[in-house]
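Enquirer: Fold the following for me, if possible:
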Amino acid sequence: MYLKFKSILPFVSVFILAACGGGGGGGGGGGTSNGGYGTTPINTAPTINNSSNDYSTLEGETSGFMVNASDAEGNSLTYSVSGNDGSKMTVTTSGVVSFISAPDYDVPGDANGDNVYSFNVSVSDGNLSTAEGFTITVTNDTSDDNADTFAAWDGVLLKNDTYKPYDKHATSYNLIIGGLPDVTDGFVTNVANIANKMLVKNDATNSVNRNLLLNNFTQYKAFQRVGSTSLSSYDPALNNDNYDGWDNINDNYSVVDFIWETTSKTVASTIAVTVAANNAGSGNVYVINGVQKSSLTLVVGKTYTFTHPTGHPLKFSTTSNGTWAGGSEYTTGVTTTSGSTVIEVTSSTPTTLYYYCSLHSGMGGTITVSASSDLEGTKAGQINAILEHLLHTITLIFDKSFTSWGYEDASSDLVLAMNEAIEGGYYDPTGNYGTTQQTNPTLYSRIIAQEFAYWMILTGWDLKSLYAPDVAPEWTILTASEMETNLPLAQKLFTDTVNGVLVNPTQAYLDGLTFSSLPTASTTPAVPATPTSMAVTIAVSVAANNSGSGNVYVIEGTQKKSLTLEVGKTYTFTHPTGHPLRFSTTSDGTHSSGSGYTTGGSEYTTGVTTSTSGSTVIEVTSSTPTTLYYFCSVHSGMGGTMTVSS
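Expert: Next comes the predicted model:
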């Protein structure tokens, strides 16, 4: 503890000498009041005269304050420090108090961790001493808060129990990515490399916003979990009993989504079913992944094994509550044994089923059967799963960083943009999250805002039609140009916030990834083919010119980017409709003069298809000129150079 009062400590006693009378004589006629006998001089303790006992200093500085002490008798003084945080302080012979080591605001070194260092200073004249309590409050140096000291993942997976039960991990720009023991190294490597691509800095980066986000990855301990199948399909179940440390990560890190590696286990899933007392009524109910009477979605082409207590046999029906409501048991493709029920979901399976207990009424819930439009089991589906769940984790920290992104704030830019999409019929999350809308409206609001953010970013990057081309999705917009035309609020949010913080990983990079664990063709559901790199989409945006006046095209975060196109490929350039992108053999096209493949700075049109909806397509052949230029047909000085390579 430290003192907030003054104390005086005596070191010697003052003895009073009494004179002895003798024989009436002696007194003498001296004129002193001492009567001939001396007395010990009176000594007083030093005093501390500081006008304040509370000081502050900026982090990174060792300086403190000077103790203003004096002694009435003019004795020399010595100083010392003690108390709670005395070990962090030093004091000179002249009374200057300072830190032994410069304090760090972000890593408080004081006893109670509040950046207020409390200690006592004692001043002594050799006989008496005085002590007073002082504090120094360390303040934040905001100049280093947004320092760009962030590092991409270096390509080396760390294998230890730092984040157990995840036995391998990578850190990309402060985002921790942990893989469970059954996940392949190659898959975690792909996830970490995609994170590197998304979080890297480029010409379009808003450093203040990006640095805030990456600092908050550390502040909120952002953690991306990676497994080999869905959360509910693990056997044994994912819990702290089976996976030591599971609760620690979930309770102490910011986790939201689970990326799973597509393997043969993904095509054959196990769903663990337990039984618990009904939270909303009497009797018992089925519990799946911690949710009572959970609403499930099963995918065509997959086989599901429901493990359940033998005393509560799980069955299926096309009637809610099955035979308890006058319905019959659904048995097509279903195999039952003691403690497990297996269903093979095909294109003939009813789109709505109900699971129920054959011995007890009111225990089950609803099953929605979905076509495998998410490309599950394919490379495209795997890429989309990584993008979706990485974006969910990253935008969770957006929610903690940017006021424009408030998931639960009805007036935030994100929620307003989402409502615009819902009202326009472009985003329809209803029916996708079971009864959550009724049972937990706050959670439902967060979920649908998070999902909207994912669709908006994926579409803004022009990756939606490539990796999530659903026939009847909750999100109906396929391209960035469509979003710009139909959802101006979403487009503005994407341009103002996302573009300055995240980077499009690009189709060219994603298509080049290899996923060794994908199921073989014989076990993969019939789904659309994986996109190939022979058809490439290049997203083009517009921004103010960093090196001059006007606007310029931006590709992959680089203004007026120089491109290389390959013979044999077809490229689709998506661009704002107000800035139509065209090609020429002359720099700046029709805005310039000179001769080229077509003379006078004219538009190059061979193998080119244009539309008014924001896209320009060019088929590159062996006859295409080796040098082309892309330009805006409306505004000069916006484009760059293209080299055609064989």
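
Enquirer: out of everything not next to it in sequence, what's closest to Ser230?
Expert: Closest residue to Ser230 apart from its sequence neighbours, by C-beta to C-beta, 6 or more residues apart in numbering: Trp260 at 5.6 Å. To be clear about C-beta, it is placed using only N, CA and C from the backbone, and glycine gets the same treatment.

Enquirer: for Ala449, that is, sorry about that
Expert: Per C-beta to C-beta, 6+ apart, closest to Ala449 is Tyr407, 4.3 Å.

Enquirer: That neighbour touches Tyr444, doesn't it?
Expert: No. Here Tyr407 lies out of contact with Tyr444, judged by C-beta atoms under 8 Å, at a distance of 10.8 Å.

Enquirer: So the two - more neighbours on which side?
Expert: A count of neighbours by other C-beta atoms under 10 Å puts Tyr407 above the other of Tyr407 and Tyr444, at 22 against 17.

Enquirer: Could you tell me the model confidence score at Thr609?
Expert: Per-residue pLDDT puts Thr609 at 89.

Enquirer: On the strand side of things, show who it bridges to.
Expert: Thr609 forms beta bridges with Val617, as assigned by DSSP bridges.

Enquirer: avg pLDDT for stretch 632-642?
Expert: Regarding stretch 632-642, the rounded mean pLDDT is 93.

Enquirer: Off-centre distance for that stretch?
Expert: Chain-centre distance of stretch 632-642: 36 Å, with C-alpha atoms, centre = their mean, to the nearest Å.

Enquirer: Report the separation between the two terminal residues of that stretch.
Expert: 14 Å (C-alpha to C-alpha, to the nearest Å).

Enquirer: That one: which residues count as buried?
Expert: The neighbour-count check on stretch 632-642 (16 or more other C-beta atoms under 10 Å) flags Cys632, Ser633, His635, Gly637, Met638, Gly639, Gly640, Met642 as buried.

Enquirer: contacting residues around it?
Expert: Outside stretch 632-642, the residues that touch it by C-beta atoms under 8 Å, 6 or more residues apart in numbering are 542, 545, 548, 550-553, 555, 560-565, 578-583, 587-592, 603, 627-631.

Enquirer: Mind checking which of these are in strands?
Expert: Judged by DSSP state E, these include 542, 551-553, 555, 563-565, 581-583, 603, 627-631 as members of strands.

Enquirer: ok, of these, which come out buried?
Expert: By 16+ other C-beta under 10 Å, the ones in strands among the contacts of stretch 632-642 give 542, 551-553, 555, 563, 565, 581-583, 603, 628-631 as buried.

Enquirer: between those, which is nearest Thr184?
Expert: For those, the residue nearest Thr184 by C-beta to C-beta is Ile555; the value is 33.1 Å.

Enquirer: so the closest one makes contact with Ser562?
Expert: No. Using C-beta under 8 Å, Ile555 makes no contact with Ser562, being 9.4 Å away.

Enquirer: Just give me the longest helix of the chain.
Expert: Once the chain is assigned using DSSP state H, the helix that runs over the most residues is helix 379-401.

Enquirer: Just the buried residues of the helix or strand just after that helix, please?
Expert: Counting by DSSP states H and E, the element after helix 379-401 in chain order, helix or strand, is helix 413-423. Neighbour-count burial for helix 413-423, counted by 16+ other C-beta under 10 Å, picks out Asp413, Leu414, Val415, Leu416, Ala417, Met418, Glu420, Ala421.

Enquirer: contacting residues around the last one?
Expert: Think Ala421. Tyr427, Phe452, Trp475, Leu487, Ala490.

Enquirer: Tell me the most packed of these, by neighbour count.
Expert: Within these, Ala490 tops the neighbour count with 30 neighbours, counted by other C-beta under 10 Å.

Enquirer: Show the contacting residues for it.
Expert: Ala417, Met418, Glu420, Ala421, Met456, Gly460, Met483.

Enquirer: Specify which member of those is nearest to Gly365.
Expert: So of the contacts of Ala490, ranked by how close each gets to Gly365 (C-beta to C-beta), first place is Met418, at 27.2 Å.

Enquirer: show me where the stretch 451-600 of the chain has strands.
Expert: With DSSP state E, counting those that start in this stretch as the definition, the stretch 451-600 of the chain shows strands at residue ranges 535-544, 551-555, 558-559, 563-566, 570-574, 581-584.

Enquirer: okay if I get those strands as CSV plus mean pLDDT and distance to Ser269?
Expert: What follows is the strands of the stretch 451-600 of the chain, written out as CSV (pLDDT from 0 to 100; distance: least, C-beta to C-beta, whole Å):
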stretch, mean pLDDT, distance to Ser269
strand 535-544, 84, 32
strand 551-555, 90, 40
strand 558-559, 88, 42
strand 563-566, 90, 40
strand 570-574, 89, 36
strand 581-584, 94, 45
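
Enquirer: Distance to Ser94 added to these, as a markdown table?
Expert: Putting the strands of the stretch 451-600 of the chain into a markdown table (distance: least, C-beta to C-beta, whole Å) gives the following:
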| stretch | distance to Ser94 |
| --- | --- |
| strand 535-544 | 57 |
| strand 551-555 | 60 |
| strand 558-559 | 58 |
| strand 563-566 | 68 |
| strand 570-574 | 71 |
| strand 581-584 | 72 |
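
Enquirer: Among those, single out whichever gets nearest to Asp399.
Expert: strand 535-544 (23.9 Å).

Enquirer: now that closest one against strand 627-632, angle please.
Expert: Relative orientation of strand 535-544 and strand 627-632, computed by axes from the mean of the first three to the mean of the last three C-alpha atoms, to 10 degrees: 50 degrees.

Enquirer: From the contact counts, what lies against strand 535-544?
Expert: Packed against strand 535-544 by the contact rule (3 or more C-beta pairs under 8 Å, 6 or more residues apart in numbering; DSSP states H and E) you find helix 507-511, strand 551-555, strand 570-574.
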